[in-house]
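**Q** I need the structure of the sequence given here:
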Amino acid sequence: MARQRMQQCLSCKAFSLKTTCPACGEVAQAAAPLKWSPEDHRAALRRKMNRVEEPGWASTLPTLPTLDEMMSGDGEEE
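**A** Just a heads-up that it's a prediction; the model follows:
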């Protein structure tokens with residue numbers, strides 16, 4: 001059994017409790033990420049791997065457009 005009960009098909013996006021989609025027969029994966037725990041014993045290692053504690057890390061994060069840009073529609077669209 002999967003660690004998360006609710007599964008979502010990768011191709012048709014249908015939801016199911018099985019790891020194979022009943023609609024199309026393709027592979028399904030967990031519909032939501034695992035819950036975060038404050039007692040995460042591997043958090044320090046994960047931060048070290050992602051170099052979160054380095055001084056320049058925050059500047060590499062993407063930024064959202066300003067409210068004025070979103071309202072005017074000038075922001076980048078995908």
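**Q** From what I see, Gln7 and Lys13 are in contact.
**A** No. With contact defined as CB atoms under 8 Å, Gln7 does not reach Lys13; the gap is 11.2 Å. In this view, the C-beta of every residue, glycine as well, is placed from N, C-alpha and C.
**Q** These two: who's more crowded?
**A** Neighbour count, other CB atoms under 10 Å: between Gln7 and Lys13, Gln7 has more, with 20 against 11.
**Q** ok, what's across the strand from the more buried one?
**A** On the basis of DSSP bridges, Gln7 is bridged to Ser16, Ala30.
**Q** so what's it up against?
**A** Contact analysis of Gln7 by CB atoms under 8 Å, 6 or more residues apart in numbering lists 15-19, 28-31.
**Q** Let's see the ChimeraX selection covering just the buried ones among the residues you listed.
**A** Buried residues among the contacts of Gln7 (16 or more other CB atoms under 10 Å), as a ChimeraX selection:
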select :16,28
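**Q** Considering the contacts of Gln7, which is situated nearest to Asp40?
**A** Among the contacts of Gln7, Ala30 lies closest to Asp40 (CB to CB), at 17.9 Å.
**Q** I'd assumed Leu10 was in contact with that closest one.
**A** No. Ala30 lies out of contact with Leu10 (CB under 8 Å); the separation is 11.1 Å.
**Q** Disregarding residues adjacent in the polypeptide, which is nearest to Arg47?
**A** Among residues not flanking Arg47 along the chain, Glu53 sits closest, at 5.8 Å (CB to CB, 6 or more residues apart in numbering).
**Q** sec struct for Leu45, please.
**A** helix (DSSP: H, G, I helix; E, B strand; the rest coil).
**Q** So what's the residue count around Glu39?
**A** Glu39: 5 neighbours (other CB under 10 Å).
**Q** now it: how far from Glu53?
**A** For Glu39, the distance to Glu53 (CB to CB, to the nearest Å) stands at 20 Å.
**Q** if we can go back for a sec, burial check on the residue nearest to Arg47, number of neighbours?
**A** Neighbours of Glu53 using other CB under 10 Å come to 9.
**Q** Can you check what pLDDT the model gives the residue nearest in space to the middle of the chain?
**A** Centroid-nearest residue in the chain: Pro33, 6.8 Å away (criterion: CA atoms, centre = their mean). Confidence at Pro33, expressed as pLDDT, is 73.
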